[in-house]
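**Q** Compute the structure for the input listed below.
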Amino acid sequence: MAIRVTQVKSKIGHKREHRGTLRALGLGRIGSTAVHEDSPSLRGMLHSVAFLIKVDEGETAEKKDA
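**A** Purely as a prediction, here's the structure:
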C-alpha cells in the first residue's frame with residue numbers, strides 16, 4: 001500500500017533529528033510530497049515528525065501518483 005507524505009510546516013527551529021527525518025523521507029520544502037511503501041520503519045519516521053507532515057494512505061495516494 002502506498003503512502004503519500006506532504007510537508008505542511010517548516011523545519012526551521014526544530015531538532016536536528018526531525019530535520020534529518022524529513023530529509024530521509026524525501027521532503028525539503030513546505031508543500032513537497034513523496035510516496036513511499038508502507039513499512040514499520042516508515043511508520044516510526046512518520047510518527048516522529050507527525051506535527052510537520054500530512055499523510056494520505058490507500059487508494060487516494062496511489063491514484064494521485066499515477
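**Q** so what pLDDT did the closest residue in space to Ala24 that isn't next to it in sequence get?
**A** Spatially, and ignoring its direct neighbours in sequence, Ala24 is nearest to Met45 (6.6 Å; C-beta to C-beta, 6 or more residues apart in numbering). C-betas here are computed from N, CA, C, even on glycine. Confidence at Met45, expressed as pLDDT, is 97.
**Q** how close does Met45 get to Arg23?
**A** Separation of Met45 from Arg23 (C-beta to C-beta, to the nearest Å) stands at 11 Å.
**Q** Pull the contacting residues for Ile30.
**A** For Ile30, the contact set (C-beta atoms under 8 Å, 6 or more residues apart in numbering) comprises 7-10.
**Q** let's see it at 6 Å
**A** By C-beta atoms under 6 Å, 6 or more residues apart in numbering, Ile30 lies in contact with Gln7.
**Q** pLDDT score for it?
**A** Residue-level pLDDT assigned to Ile30 equals 97.
**Q** That one: what secondary structure?
**A** Three-state call for Ile30 (DSSP: H, G, I helix; E, B strand; the rest coil): coil.
**Q** how deep is the closest residue to Arg29 other than its chain neighbours tucked in, by neighbour count?
**A** Nearest non-adjacent residue to Arg29, counting by C-beta to C-beta, 6+ apart: Gln7, 6.8 Å away. Neighbourhood size, Gln7 [other C-beta atoms under 10 Å]: 21.
**Q** shouldn't Gln7 be in contact with Ala34?
**A** No - if you go by C-beta atoms under 6 Å, Gln7 and Ala34 don't touch, sitting 8.8 Å apart.
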